[in-house]
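S.K.: Any chance you can model this:
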Amino acid sequence: MKCRRYLIVSLGLILAGGQTLAAQEAKAAAAGGKKAETQKASGAVTQALLSDRDYKIGPQDILRVDVWKEPDITRQVTVRPDGKISLPLLNDVQAAGLTPMELAGVIRDGLKKYITDPQVTVTISDINSRRVYVTGEVQRAGAYPLLPNMTVLQALSSCGGFTQFANTKKIYILRTEDGKQVRIPVNYKDVVSGRKPEKNILLQTGDTIVVP
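M.R.: Next comes the predicted model:
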């Protein structure tokens, strides 16, 4: 009888351990899936920005400058905080505020003094200048690329929804204007219901959306 009880208890422990392991694996798989989903969404947004012909280069953006048949000039560069990049022969070149095509033209004109008919292409490898931030009671807090004409609702929709503790009536945007930080209130329910569409505010670079 004792032997039988021992076998039953042992079998129960094995089954419980298996269930615990299965639960851990399921949790890890769910976390991995959520991470992959976040990366996929972020990549899609970044790709949309990269395909925007009117995108203006900003500080911290990473650029690829290709000069045909000139490997010593071709390189990847990061736009400095002052908005400039450094290139051989040209030294400092203003990049911030220009589109990639406009910057390619500036580089091409500068190189004409040293190279016959230079062929220049500028592409954006990584966008770091145009970002907004979402923090607080959301599923995926963090930095998000700022799309053209992006609104507060669009930014919030990228975060995977709110947590159960979110106070959606007290959301606010922190924005720096003239060197001072201002707080812009957003009542999510009023905006999403369409009662106050004017409160679906257009975001600016550096805005932080806080969900208390």
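S.K.: backbone phi and psi for Leu190, please?
M.R.: To be clear, residue 190 is Asp; Leu isn't right here. Reported as degrees, to the nearest 10, the phi and psi values for Asp190 are phi -70, psi -40.
S.K.: wait, isn't it in contact with Lys199?
M.R.: Yes - counting by CB atoms under 8 Å, Lys199 is a contact partner of Asp190 at 6.2 Å. In this view, the C-beta of every residue, glycine as well, is placed from N, C-alpha and C.
S.K.: mind checking pLDDT for the residue most central in space within the chain?
M.R.: Note on the chain: the residue nearest the mean C-alpha position is Tyr144, at 3.1 Å, using CA atoms, centre = their mean. Tyr144 carries a pLDDT value of 91.
S.K.: ok, the residue lying closest to Lys170 once chain neighbours are set aside to Ile173 distance?
M.R.: Computed as CB to CB, 6 or more residues apart in numbering, the closest residue to Lys170 that is not its neighbour in sequence is Pro212, at 5.1 Å. Taking CB to CB, to the nearest Å as the measure, Pro212 falls 12 Å from Ile173.
S.K.: out of those two, which sits in the busier spot?
M.R.: Ile173 (19 against 13; other CB atoms under 10 Å).
S.K.: what pairs with the helix or strand that contains that one, and is each one parallel or antiparallel?
M.R.: Of the helices and strands defined by DSSP states H and E, Ile173 is found in strand 171-177. The pairing partners recorded for strand 171-177 under DSSP bridges are strand 180-186 (antiparallel), strand 208-211 (antiparallel).
S.K.: Run through who's touching it.
M.R.: Contacts to strand 171-177, defined as CB atoms under 8 Å, 6 or more residues apart in numbering, come from residues 152, 156, 181-188, 201, 203-204, 206-212.
S.K.: got the CA positions of it in PDB?
M.R.: Output for strand 171-177, consisting of C-alpha atoms alone and laid out as PDB, is shown next (Å, rounded to 0.1, in the frame of the first residue of the first chain):
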ATOM      1  CA  ILE A 171      -3.400  61.300 -20.500                       C
ATOM      2  CA  TYR A 172      -1.200  64.200 -21.300                       C
ATOM      3  CA  ILE A 173       1.600  65.200 -23.700                       C
ATOM      4  CA  LEU A 174       4.800  66.700 -22.500                       C
ATOM      5  CA  ARG A 175       6.300  69.100 -25.100                       C
ATOM      6  CA  THR A 176       9.200  71.500 -25.100                       C
ATOM      7  CA  GLU A 177       8.300  75.000 -26.500                       C
END
